[in-house]
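Participant: here is my input, please return the structure:
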Amino acid sequence: MDTSGQHSDLQMQLNHFIAENESLKTQLEEYIYIINLRDQEIESLRRKIAEITESKSNIDNQLEELEILQDHIDQLKQQAEGYTEREMDLEKQVSYAVSTEHQLEDMKQQYSYLRTQLSDLQDQVHELNNRNLLLQQQTSRIAELESLLENAEREKDELKNKIAVD
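Facilitator: Prediction:
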């Protein structure tokens, strides 16, 4: 009778471990799916960062060109003060310079906007990396629990064999 009760307890424990194992397998599949989604999001964000970085580089080059143009504008303004005979010609050049200054201001605003976007994307990547780390820790815990379940099943089988032999 005592052996039958132990067998019933072991069977209940086994059923519990099997149900828990199935639940853990389902969780593991969900975590793997979430990790895959996060990896895709991270890759998408990395592509966006690369695009923004390329845009930033282009804007930096354009800003450098605009700064050179700004220096040129400054020189033209100084010459305009000294050469009244060429006033009409210099007015055209100044008009071009003013247009370039507006372009420079627009580019500076665009550069600032892109830097903000880059910062936001880097924050998102950092957050996704943190989530990914948490999922990896949970996956590790699931693997540990599966190992414990396997050990319990092995012990149960050994007890069954021992009971069967006795």
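Participant: which ones are touching the closest residue to Leu63 other than its chain neighbours?
Facilitator: Take Leu63 and drop its neighbours on the chain: the residue closest to it by C-beta to C-beta, 6 or more residues apart in numbering is Met107, 5.6 Å away. For glycine as for every other residue, the C-beta is placed from the backbone atoms N, C-alpha and C. Taking C-beta atoms under 8 Å, 6 or more residues apart in numbering as the criterion, Met107 is in contact with 59, 62-63, 66.
Participant: which stretches of the protein form helices?
Facilitator: Secondary structure of the chain by DSSP state H: the helices cover 2-82, 87-165.
Participant: need those helices in CSV (columns: mean pLDDT).
Facilitator: Written out in CSV, the entries for the helices of the chain read as follows (pLDDT from 0 to 100):
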stretch, mean pLDDT
helix 2-82, 86
helix 87-165, 88
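Participant: for the nearest residue to Tyr111 once chain neighbours are set aside, which residues are in contact?
Facilitator: Sequence neighbours aside, Ile59 is the residue nearest to Tyr111 in space, at 4.8 Å (criterion: C-beta to C-beta, 6+ apart). Ile59 makes contact with 107, 110-111, 114 under the criterion C-beta under 8 Å, 6+ apart.
Participant: 10 Å instead, please
Facilitator: 52, 66, 107-108, 110-115 (C-beta atoms under 10 Å, 6 or more residues apart in numbering).
Participant: between all of the residues you listed, which two are separated the most?
Facilitator: When these are compared pair by pair using C-beta to C-beta, the two farthest from each other are Ile52 and Leu66, 19.7 Å apart.
Participant: can you tell me how far Thr116 sits from Glu150?
Facilitator: Between Thr116 and Glu150 the distance is 51 Å, computed by C-beta to C-beta, to the nearest Å.
Participant: and for Met12?
Facilitator: Separation of Met12 from Glu150 (C-beta to C-beta): 18 Å.
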